[in-house]
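Asker: okay, structure incoming, though there's no sequence with it:
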């Protein structure tokens, strides 16, 4: 124990030591500050710059931070793999590792793209994104109980898309600004991939789609690849029949034989079911006739005659304009329950198939029925410089919804079939050609325009005298049709217009973040626009449609310009990147503007196999004798029919 005097001595010593330490510290601070103040301004600035530079270098090279950043990336990758595992889907890279022989396109290298593109996550994220099988559910809205009604408004199916009967685009939807723009296309006549690689890539895509259909939807209409199930429309194996001639052209003999066996043993049209006249004609009747011509097998002709005969009650109307729906078992027909109208494209895009059925069977009734439709439409009032309205009444036989003209949904294939009937019949039906040429003049006068700022050519719409810059992806059939017309003797300006429109259709792909076109775009026409293309939220879906690759095929055939093959190759790559489902099949997507999550719809349309992959294969082939366009004409579902010999011509004149 210390004495009081000792305590006092220790306390004093500690205080003095503390004061000394504090005074020394203060003196050093003052001394340093005095020295700093003695430096010139240049010296002080140089020292500060060096200190800041050292700090930046230290942060950048500090190992724990870089490891932490790397950890974020690794953790995200692990989470993605776990999500894939939970949903039953393999990461696409893992699928490629497990299939070393898989031939798939390399990432694009010859063209700069304006946006980062990464592989999509094709699993359902209900908690985060909602149900991906439809746009309605993705927005949190319940799916309509009846597929033909939505929000109290009737909707119609047009080539796979459900569209409101009065309007295809939600004008209230607010468009997000597209800040990017595609770089100018660099002309490159070289093609890096050999023909064999391109063709095998399409075959592999078909096998992959077929794998999903065979495993999860065999004998049904459509594959739902994400849910590993199927959807029915008519219950007639639409995807299988639509794919028959594609398998034959791609020389997929094993797949063809198993499909043929199903047609022989399972396909029956004796069913109490309503089918759409137009869709059944172009997909089923057209597919069976095409396969018969390729194979010579009477099985397919017999089935074609059966379905063609069962569709004939549709023509039993007061006006001879056919009803849209037929019960192929009961032998009855009727219009949609919300209207007595049919769409003009529906009633004028069935002629190639029924005319060919008459030629093969020597029974004129099929051709007489469809030619009567063309005769009546030819004489109707309500056209504008050859352009036709979208609807026609089955009772009166008159156009309805007058004043609205489009080359998109509900009118598109009317123009296509004017030319193709003329070609099919040996170029003898001059009224068909006259209607086609007059319509093209109407297109040039009323619907053609150029975008701003780049000046891309596009086809808009006309509504009661007012021009709209809206263009459906469906309109991209037109460049191919124009090129086909030129090949068969029409003026050179048709081919030049085809080339310009082809560029506009390509921009509908390249200016999207996924490199895939939306269903509908709006081209900007006002000077000073920041970008050429806007897309409304409701129109951002991609249904795996064929129209652009169809036109690329025609233009490559007639110009031999390799850029059209390159553009098609890019499109195939992006289908593989954003729509391919690892377990089998390809899916439509809801949002071509979101490469991180394109929101898969869980539906593979039959035309992806029947048209899109077929046209890609023909585009990539340098064998121009593979389906000669001097011998065959394609229907609007890409099913080939022979051009009639000159000695036969048109058996029944329009």
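Answerer: That came through, no problem. These numbers were taken from a predicted model, which means no experiment stands behind them. Numbering: from 1, shown residues only.

Asker: pLDDT below threshold where in the stretch 151-300 of the chain?
Answerer: When residues are selected by pLDDT under 70, those of the stretch 151-300 of the chain lie in 151-192.

Asker: please read the previous query as pertaining to the chain.
Answerer: For the chain, the stretches with pLDDT under 70 are 1-38, 58-192, 648-654.

Asker: the helices in the stretch 501-650 of the chain, which residues?
Answerer: Here the stretch 501-650 of the chain has its helices, by DSSP state H, counting those that start in this stretch, at 547-559, 562-578, 606-607, 613-620.

Asker: how close does residue 342 get to residue 334?
Answerer: Residue 342 is 11 Å from residue 334, where distance means Cβ to Cβ, to the nearest Å. For every residue, glycine as well, the C-beta is placed using N, CA and C.

Asker: okay, the two: which has more neighbours?
Answerer: residue 342 (28 against 16; other Cβ atoms under 10 Å).

Asker: residues near the closest residue to that one other than its chain neighbours, how many?
Answerer: Among residues not flanking residue 342 along the chain, residue 324 sits closest, at 4.9 Å (Cβ to Cβ, 6 or more residues apart in numbering). Residue 324 has 24 neighbouring residues, counting by other Cβ under 10 Å.

Asker: ok, back up a step: of all the helices of the stretch 501-650 of the chain, which lies closest to residue 599?
Answerer: Set against residue 599 and scored by Cβ to Cβ, those come closest in helix 562-578, at 10.3 Å.

Asker: what's the angle from that closest one to helix 613-620?
Answerer: In terms of direction (axes from the mean of the first three to the mean of the last three Cα atoms, to 10 degrees), helix 562-578 departs from helix 613-620 by 140 degrees.

Asker: list the contacts of residue 41.
Answerer: Contacts for residue 41 (Cβ atoms under 8 Å, 6 or more residues apart in numbering) come out as none.

Asker: I misspoke; the intended subject was residue 273.
Answerer: Residue 273 touches 234-236, 327-329, counting by Cβ under 8 Å, 6+ apart.

Asker: run the last query once more with 7 Å
Answerer: With contact set as Cβ atoms under 7 Å, 6 or more residues apart in numbering, residue 273 has these partners: 234-235, 327-329.

Asker: now swap in residue 586 and tell me
Answerer: Applying Cβ under 7 Å, 6+ apart, we find residue 586 in contact with 209, 225, 544, 575, 579-580, 604, 608.

Asker: ok, for it, nearest residue in space, not its chain neighbours?
Answerer: Excluding the flanking residues, the one nearest residue 586 by Cβ to Cβ, 6+ apart is residue 579, at 4.6 Å.

Asker: returning to that earlier point: the helices of the stretch 501-650 of the chain: which one's closest to residue 213?
Answerer: helix 606-607 (9.3 Å).

Asker: what helices or strands is the closest one leaning on?
Answerer: In terms of contacts (3 or more Cβ pairs under 7 Å, 6 or more residues apart in numbering; DSSP states H and E), helix 606-607 is packed against helix 238-249.

Asker: before we move on, back to that, any shared contact partners between residue 342 and residue 334?
Answerer: Shared contacts of residue 342 and residue 334, defined by Cβ under 7 Å, 6+ apart, comprise residue 323.

Asker: columns distance to residue 317 and mean neighbour count on top of the helices of the stretch 501-650 of the chain, output as CSV?
Answerer: Converted to CSV, these look like this (distance: least, Cβ to Cβ, whole Å; neighbours: other Cβ atoms under 10 Å):
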stretch, distance to residue 317, mean neighbour count
helix 547-559, 30, 24
helix 562-578, 41, 22
helix 606-607, 28, 26
helix 613-620, 34, 26
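
Asker: output those in JSON lines; the columns should cover distance to residue 521.
Answerer: Below are the helices of the stretch 501-650 of the chain laid out as JSON lines (distance: least, Cβ to Cβ, whole Å):
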{"stretch": "helix 547-559", "distance to residue 521": "12"}
{"stretch": "helix 562-578", "distance to residue 521": "16"}
{"stretch": "helix 606-607", "distance to residue 521": "20"}
{"stretch": "helix 613-620", "distance to residue 521": "21"}
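
Asker: coming back round to it: against residue 345, how distant is the residue nearest to residue 342?
Answerer: Distance from residue 324 to residue 345, counting by Cβ to Cβ: 11 Å.

Asker: then residue 360?
Answerer: Residue 360 is 25 Å from residue 345, by Cβ to Cβ.

Asker: now do the strands in the stretch 501-650 of the chain.
Answerer: In the stretch 501-650 of the chain, strands defined by DSSP state E, counting those that start in this stretch lie at 520-523, 533-534, 632-634, 640-642, listed in chain order.

Asker: list the contacts of residue 295.
Answerer: Here residue 295 is in contact with residue 248 (Cβ under 7 Å, 6+ apart).

Asker: with residue 486 instead?
Answerer: Residue 486 makes contacts with 492, 494-495, 558, as judged by Cβ under 7 Å, 6+ apart.

Asker: go with 10 Å
Answerer: By Cβ atoms under 10 Å, 6 or more residues apart in numbering, the contact list for residue 486 reads 492-498, 554, 558.

Asker: my guess is residue 430 contacts residue 422. True?
Answerer: Yes: in this structure residue 430 lies within contact range of residue 422 using Cβ atoms under 10 Å: 8.1 Å.

Asker: quick one: which of those two has more around it?
Answerer: Between residue 430 and residue 422, counted using other Cβ under 10 Å, residue 422 has the larger neighbour count: 25 against 11.

Asker: first to last residue in stretch 586-602, what's the distance?
Answerer: Start-to-end span of stretch 586-602 (Cα to Cα, to the nearest Å) is 8 Å.

Asker: so which two of the contacts of residue 586 are the farthest from each other?
Answerer: 225 and 575 (13.0 Å).

Asker: quick check: phi and psi on the residue nearest to residue 342?
Answerer: For residue 324, the backbone dihedrals are phi -80, psi -30 (criterion: degrees, to the nearest 10).

Asker: tally of neighbours for residue 240?
Answerer: A total of 28 residues lie near residue 240 under the criterion other Cβ under 10 Å.

Asker: against residue 259, how distant is it?
Answerer: In this view, residue 240 and residue 259 are 5 Å apart by Cβ to Cβ.

Asker: shared neighbours of those two, anything?
Answerer: 210, 213-214, 218-219, 247, 267.

Asker: count of neighbours near residue 492?
Answerer: Residue 492: 8 neighbours (other Cβ under 10 Å).

Asker: next one: residue 299
Answerer: If we define neighbours as other Cβ under 10 Å, then residue 299 has 15 of them.

Asker: OK, contacts around it?
Answerer: Applying Cβ under 10 Å, 6+ apart to residue 299 gives the contacts 260, 263-264, 267, 288, 291-292.
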